[in-house]
Structure formats: C-alpha cells, structure tokens
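Participant: no letters, just coordinates:
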DNA sequence: ATTCATTGTTTGTATGTACAAACATTTGTT
DNA sequence: AACAAATGTTTGTACATACAAACAATGAAT
C-alpha cells in the first residue's frame, strides 16, 4: 500500500514533467522566466521595444529624473545592466541623461513620453494574457509566492 | 471598514515588495531565475562549471549517446543553444560528438565521467540550500506550481 | 586642508540564450 | 528513380545580463 502510493506519485511526476529536472527550482524558474519573457516581448512588440526596454521606459516616465541606482532597485537588475539599457534608449531617442555630480538623472524625451500610454496598454494585455491561461487568482497567487521566495532567497 | 482593509492590503504589498512591478509574473519570474542561477553557479563552482554546463554533463552522463534534440527537450532549451553548449564542452574536453547521418550522438569523455559524481553532489547541495531557506515542503510546492504554470503557458 | 573610505556610475569583457537561415540527411510520393 | 517535404543540426548574428575594474564625486577623520 505504501509502495503503491509512491509509485503513483512517481507516475504522476513523469506525466506532468517534460524533464527529469522538473523537481529542481533552478530549472523550473528559468523555464518560466524564458516563457514569460517571450510572452512579454510578443506583447510589447506593438511598441517596438522588447520587454526590458519597455519596463525601463515605464519606470522613467513614472518618475522623471530618477537615478540609475533607483532604477536598478525597481527592476532588480545590476547597475551596470541598467547603464547599458539606458545607453541604448538614449541612442534610440527615448531617454536622456543629465549628469549631476556623481549621480545621473534620467528623463524621458518627448518621443519616450509619447510611447508611454502604448506601453502601459501592452503591459495590461500581458497581464490579461497570462491571467486568462492561469486564472486571475491563481496567477496572482503564483506571483506572490514567487515574490516571497525571492525575498527570502536573496 | 472596507476602505481600511484595502489600505492594509496596500501597505502589506509595499512592505513585501521591492518594486512596483512585483505584481507582474514576468518580472517576478525573471528575478527568481536570476537568483537561482546565481545560487546554482555558486554551488557548481566546486566542479569548475557553471550551472548550464553542469546540467548538460549530467544529462549526457545519464544517457550516453543522447542526441541534441533530446537534450534540448530535457533542458527546455532551443537546439541552437544546446549545440553551443555542447561545442564548448567538447572544446573543454568533457564531451565528444559522433555524427551519424543527420543525427549526432553525444558522449562523455573520461574527464566528463570523472566529474559526474561531483556534479551530482553539488546538485544535491543546491537542493538542500534552497530547501533550507524556503522549507523543504514549501520549496517543492513552489517548484510544482511553477511546473504546472509552465505546462499551461507554453 | 589633505587624505582615505564610500558611493554612484560607467567600461571592458564574458556568458547564456534565441531566432532565422543554411545544411545535411531521411522519408514519402508519384 | 527523382523530386519534394520533413527533420535534426549547425552557423551567423544579436541581445540581455553580470562581474570586476575603473572612474568620479562626496563625506569623514585626523
């Protein structure tokens, strides 16, 4: 009886899992991240930006003059990564930098501000899209659980 | 009373969340993936490999002669990514390829096989490490939830 | 006031990953 | 038997991200 339960558990595992690494959080988290990034990029495609750049622009539009350090905090990326993202967005004409002492203030350009509503729209659509698949409540719950885990693991 | 409850909810949200994007699965999933990859790389450091390469070597050692396509299935990576990983591991002397018709068989070298136990050990440690932080049951549960989401979102 | 430590930002360099296109082989169809 | 479609693999190229080191400005301590 005991053994039988275990066998059923194993079978269930194998059914549901594409890979023998499904029991590993490192693996599952990365798979989810790849799937979500792809989905996000698809939704943000209407804005001409990929997901990271869209998030950056949103962040700056909602707090013009924000510093890279704060951006890196909001986006949970390293400062160097943020610099790289900003550079590219400056080159493309969506953001501009103003150096003040050792700090830097980042502002949206007119072009950037014009794009802001479209990005927020795409963001909403992204949310709706995965909520449709996972169920709104379940999706929110999963997100919250992941956030809690992030807090503790860091 | 109703409003108060909402305010408490908001405060709770702000406490627990580093970023205003914490309600977005794209964002949270990517943050978790980065944290876990870092942790995995730290654990696998004892083997001289980063996590992806360690997983690749494990996969090949457990099924010598496996084809890239099957590897890409196990690891949930695109075939081109798998080719790149294999190439590097071949260059480093851990794997070798044998081309048979249009397919390719991948084998571990002696060097690769020698490393296998160490990798499995590191993998176990990785599991223990995040289980210690999240709690074994909770960690497993989270992993399972993410797997289910992956299934459905794909 | 000068030096030393700290902090915010940027570079140099490397890595993992993907997409699209190219190749090579096998299978199916007529 | 010849050609077309499908399949497995590899290349060319690009991108997001990170780490470590460099740089630049501020603040603190003697």
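Facilitator: Structure received. Because the structure is predicted, anything quoted here is derived from the model rather than measured.
Participant: so which strand or helix has the residue of chain A found nearest chain B?
Facilitator: Among the residues of chain A, residue A:33 lies closest to chain B, at 3.6 Å counting by Cβ to the nearest Cβ. C-betas here are computed from N, CA, C, even on glycine. In the assignment (DSSP states H and E), residue A:33 maps to helix A:25-44.
Participant: can you confirm whether that helix lies near DNA strand C?
Facilitator: Yes: with Cβ under 7 Å from any atom of the strand as the criterion, DNA strand C is reached by helix A:25-44 at A:30, A:34, A:38.
Participant: near DNA strand C, which residues of chain A?
Facilitator: So chain A meets DNA strand C at A:30, A:34, A:38, A:67-69, A:79-80, A:82-84, A:86-87, A:97, A:99, A:102-104 (Cβ under 7 Å from any atom of the strand).
Participant: around DNA strand D, pick out the residues from chain A.
Facilitator: Contacts of chain A with DNA strand D, taken as Cβ under 7 Å from any atom of the strand, map to A:50, A:52, A:53, A:77, A:78, A:80, A:81, A:84, A:85, A:88, A:101, A:102.
Participant: now, which of those residues sits nearest DNA strand C?
Facilitator: DNA strand C lies nearest to residue A:80 out of these, by Cβ to the nearest atom of the strand, at 3.1 Å.
Participant: ok, residue A:96 touching residue A:107?
Facilitator: Yes: because the distance of 5.4 Å satisfies Cβ atoms under 8 Å, residue A:96 is recorded as touching residue A:107.
Participant: quick one: mean pLDDT over the longest helix along chain A.
Facilitator: For chain A, the helix that runs over the most residues, judged by DSSP state H, is helix A:110-134. Helix A:110-134 shows a mean pLDDT of 94.
Participant: stretch A:86-102 too?
Facilitator: For stretch A:86-102, the per-residue pLDDT values average out at 95.
Participant: buried residues in that stretch?
Facilitator: A:86, A:89, A:94, A:95 (16 or more other Cβ atoms under 10 Å in any protein chain shown).
Participant: report the contact partners of the closest residue to the last one other than its chain neighbours.
Facilitator: If I follow you right, that is residue A:95. Take residue A:95 and drop its neighbours on the chain: the residue closest to it by Cβ to Cβ, 6 or more residues apart in numbering or on different chains is residue A:89, 4.2 Å away. Residues in contact with residue A:89 (Cβ atoms under 8 Å, 6 or more residues apart in numbering or on different chains) are A:53, A:56, A:57, A:95, A:112.
Participant: ok, now which ones touch the residue lying closest to the last one once chain neighbours are set aside?
Facilitator: Taking Cβ to Cβ, 6+ apart as the measure, residue A:112 lies nearest to residue A:94, with 3.9 Å between them; neighbours along the chain are not counted. Contacts were defined as Cβ under 8 Å, 6+ apart; by that measure residue A:94 touches A:53, A:57, A:108, A:109, A:111, A:112, A:115.
Participant: now the fourth one: phi and psi?
Facilitator: Per-residue torsions, residue A:109: phi -80, psi -180 (degrees, to the nearest 10).
Participant: ok, it to residue B:51 distance?
Facilitator: Distance, residue A:109 to residue B:51, by Cβ to Cβ, to the nearest Å: 39 Å.
Participant: the two: which is more packed in?
Facilitator: Taking neighbours as other Cβ atoms under 10 Å in any protein chain shown, residue A:109 and residue B:51 compare with residue B:51 leading, 25 against 16.
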